[in-house]
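>>> predicted model and sequence follow; I will ask about them next.
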Amino acid sequence: MAESFSTYDTADYLVDLDDAVAYLEAAIEEDPNDPTAVTRALGVIARSGNLSELSRRTGISREGLYKALSVDGNPSFATIMAVTSALGLRLTFSAVT
């Protein structure tokens, strides 16, 4: 009997906000010079929950969210802020030492 494998999707393993925060931080730490790290990580976090509810909270269509948070997406800073807020997250900055 042949083994079968399902496609791995990180979104399946993000079960709460602590997981989402850890994933976002890891994505940024992996390559701090990658401007798409936050966008891609937010896309995964968004998929881990109810995208329809996120769409309602942000006022951005589901299709718009998929497009903005995709690998090829280029969301505005306003979109990033709306998504983070709707997910229950806050974007913060700290000094690099």
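Here it is on my side, so go on.
>>> relative to Arg47, how far out is Val96?
Distance, Val96 to Arg47, using CB to CB, to the nearest Å: 30 Å. Heads up, the C-betas are built off the backbone N, CA and C, glycines and all.
>>> enumerate every residue touching the residue nearest the centre of the chain.
The geometric centre of the chain, computed from its C-alpha atoms, lies nearest to Leu42 (CA atoms, centre = their mean), at 1.2 Å. Residues counted as contacts of Leu42 (CB atoms under 8 Å, 6 or more residues apart in numbering) are 24, 69, 80, 83-84, 87.
>>> just these: which are in helices?
24, 80, 83-84 (DSSP state H).
>>> from the residues you listed, which is closest to Arg62?
The shortest approach to Arg62 among the ones in helices among the contacts of Leu42 belongs to Val83, at 12.5 Å (CB to CB).
>>> touching, the closest one and Gly73? I think so.
No. Look at Val83 against Gly73 with CB atoms under 8 Å: they stay out of range, at 11.0 Å.
>>> out of those two, which sits in the busier spot?
Val83 (24 against 17; other CB atoms under 10 Å).
>>> contact partners for that one?
Neighbour list for Val83: 42, 46, 54, 58, 60, 65, 68-69, 75 [criterion: CB under 8 Å, 6+ apart].
>>> let's go with 6 Å and repeat that
Each residue near Val83 by CB atoms under 6 Å, 6 or more residues apart in numbering is listed here: 42, 58.
>>> okay, Asp18: pLDDT?
Looking at Asp18, its pLDDT is 95.
>>> roughly how far apart are Thr97 and Ala26?
Taken as CB to CB, the span from Thr97 to Ala26 is 20 Å.
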